[in-house]
Structure formats: C-alpha cells, structure tokens
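1. 3D, please:
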Amino acid sequence: MTVYKSLIITIGIITASILSNSAQALDAAGLYRERACIACHGEEGRVPVMAEYPKIAGQNAPYILAQMKDIKSGVRNNTHAVAMKNMMHLISDEEMAIVAEWLAELPK
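-> Numbering: from 1, shown residues only. Got it, this is the predicted structure:
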C-alpha cells in the first residue's frame, strides 16, 4: 500500500471517529447522564436526590440555560451552586443549550 493510500485511510478513520463523537455529544439525554446532571437532579430532572435541589424537568429553557451559565461563570454562587460549579467544566455552552431545551420539553 502506498503512503498516499495509508494517509487517506487514516484520515477517514479519524474523521469517522470525530463525527461519531460529535453525534453522540449532541444527544441531550446522554449528555445529561454523561455530564453527571443525573447524580443530583435525578432521572430526567424530576426527582432530585436532595429536597434542596430543584426539579428541573419542564422548566423554561432560557431560565435553565441562564442558571447553568451563571453557575459556571461564578455569577451565581450559593451553597448548592458550589457543588454544581465543580461539575460545570465538563459541559460546553452548546451542550448546556441542548440539555436545557431537552429538559424544557420533559413533563414536570
């Protein structure tokens, strides 16, 4: 096999891997689990593990997104935000928007 063919095959494998990871990253329910939201807010945001944590399913998407961004940036900084802030480095702004939209569409 020539170097040229090997290079094309390698680029194809890398591209397929990147596209696969991108598609997976855009799955809102998967992101919710992978980014550990489920650990505090419960399955689909309806039953938090502690009464102090909010139920976020069915909440307004812009509100959810604003809260996530404020916690990530440090603007919102209360007792419960500290735990969430430690996890926010795992999620991008694009992923936050996807999760917020998904949560907003869920029944309360």
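2. Spatially central residue for this protein, please.
-> residue 31 (4.2 Å; Cα atoms, centre = their mean).
3. which residues does that residue contact?
-> By Cβ atoms under 8 Å, 6 or more residues apart in numbering, residue 31 lies in contact with 25, 37, 91, 95, 98-99. To be clear about C-beta, it is placed using only N, CA and C from the backbone, and glycine gets the same treatment.
4. Quick check on the residues you listed: which are buried?
-> 37, 91, 95, 98-99 (16 or more other Cβ atoms under 10 Å).
5. a markdown table for these, including secondary structure?
-> Shown next, in a markdown table, are the buried ones among the contacts of residue 31 (DSSP: H, G, I helix; E, B strand; the rest coil):
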| residue | secondary structure |
| --- | --- |
| 37 | helix |
| 91 | coil |
| 95 | helix |
| 98 | helix |
| 99 | helix |
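6. you'd agree residue 77 is up against residue 85?
-> Yes. Using Cβ atoms under 8 Å, residue 77 is in contact with residue 85, at 7.5 Å.
7. Which one's more surrounded, those two?
-> Each of residue 77 and residue 85 has its neighbours counted (other Cβ atoms under 10 Å); residue 85 has more, 16 against 11.
8. Local confidence estimate at that one?
-> For residue 85, the model assigns a pLDDT of 88.
9. I'd like the numbering to begin with 47 instead of 1 from here.
-> Yes, from this point I'll number from 47; that puts the last item at residue 131.
10. Which residue is the nearest non-sequential neighbour of it?
-> residue 117 (5.3 Å; Cβ to Cβ, 6 or more residues apart in numbering).
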